[in-house]
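S.K.: sequence plus the predicted model coming up.
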Amino acid sequence: MAKAKAIPDLSVDDSYADAAAKIVSVRGAELLEQAQGVLDTGDIERVHDMRVATRRLRAALEIFEPCFPEKMFDQTLRDVKGLADALGERRDRDVGIATLDGFGDQLPAPDRKGVASLVEELRSQQQEANSGLAPLVTDANLVALRESLEDLALAARRTAAA
């Protein structure tokens, strides 16, 4: 699992809004870094790492909600939640497949056929979940999300300066 990055220059002397700007900027960057290869079903840890990054970002957004303009905040949080939900759909199938694969290997040969059919069903669902995730992790969508997060951080900095 990807470890959370330290927040550079975060200080107890920062205002609430300054802390919001710094933390949301770093957590947003972490999320975007995890997007590389997330649709690859051969490496299920990529989905897991990006999902964890969405949870960290969502928590930061919710904690610092008062620092952001309401409409901008609501839309950005909705986008992050939508991404998290799509990642969760994919992750659930990934975990099911990995679990059943390990379980099926331990069964007698005649019983493996039933487990294999369940794995095939999950693989089909995994592809459907990937299809739902794919539009959310396009370069254009990720750039838009990055810009929304940067706008929130800028708004928080303005609040701190006022």
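M.R.: That came through, no problem.
S.K.: what's the weakest-modelled helix or strand in the protein?
M.R.: Of all regular secondary-structure elements in the chain, judged by mean pLDDT, DSSP states H and E, the least confident is helix 109-133 with a mean of 92.
S.K.: contact partners of that helix?
M.R.: Residues external to helix 109-133 that are found in contact with it (Cβ atoms under 8 Å, 6 or more residues apart in numbering): 38-39, 41, 86-87, 89-90, 92-94, 96-97, 100-101, 103-104, 107. Just so you know, the C-beta spots here come from the backbone N, C-alpha and C atoms, and that holds for glycine as well.
S.K.: what do you get for stretch 13-25?
M.R.: Residues from elsewhere that reach stretch 13-25, judged by Cβ under 8 Å, 6+ apart: 7-10, 57, 60-61, 63-64, 66-68, 149-150, 152-154, 156-157, 159-160.
S.K.: drop anything exposed from those.
M.R.: Buried members of these, counted by 16 or more other Cβ atoms under 10 Å: 7, 57, 60-61, 64, 67-68, 149, 152-153, 156-157, 159-160.
S.K.: in helices, which of those residues appear?
M.R.: When those are checked against helices using DSSP state H, the ones located there are 57, 60, 61, 149, 152, 153, 156, 157, 159, 160.
S.K.: so how far is the least confident helix or strand of the chain off the chain centroid?
M.R.: The chain centre lies 23 Å from the centre of helix 109-133; the measure is Cα atoms, centre = their mean, to the nearest Å.
S.K.: buried ones in that helix?
M.R.: By neighbour count on 16+ other Cβ under 10 Å, the buried set for helix 109-133 is 115, 119, 122, 125, 126, 129, 130, 133.
S.K.: quick one: which of those residues is nearest residue 31?
M.R.: residue 133 (13.7 Å; Cβ to Cβ).
S.K.: that closest one and residue 62, how far apart?
M.R.: The spacing between residue 133 and residue 62, counted by Cβ to Cβ, to the nearest Å, is 23 Å.
S.K.: which parts of the helix or strand containing residue 19 are buried?
M.R.: Element membership of residue 19 [criterion: DSSP states H and E] is helix 16-33. Of the residues in helix 16-33, those scored as buried under the neighbour-count criterion (16+ other Cβ under 10 Å) are 17-32.
S.K.: that helix: how far from the chain's middle?
M.R.: Per Cα atoms, centre = their mean, the centroid offset for helix 16-33 relative to its chain is 14 Å.
S.K.: i'd like the first residue to be 52 from this point on
M.R.: New numbering, starting at 52: the last item is helix 67-84.
S.K.: since that was my last question, I'll sign off now.
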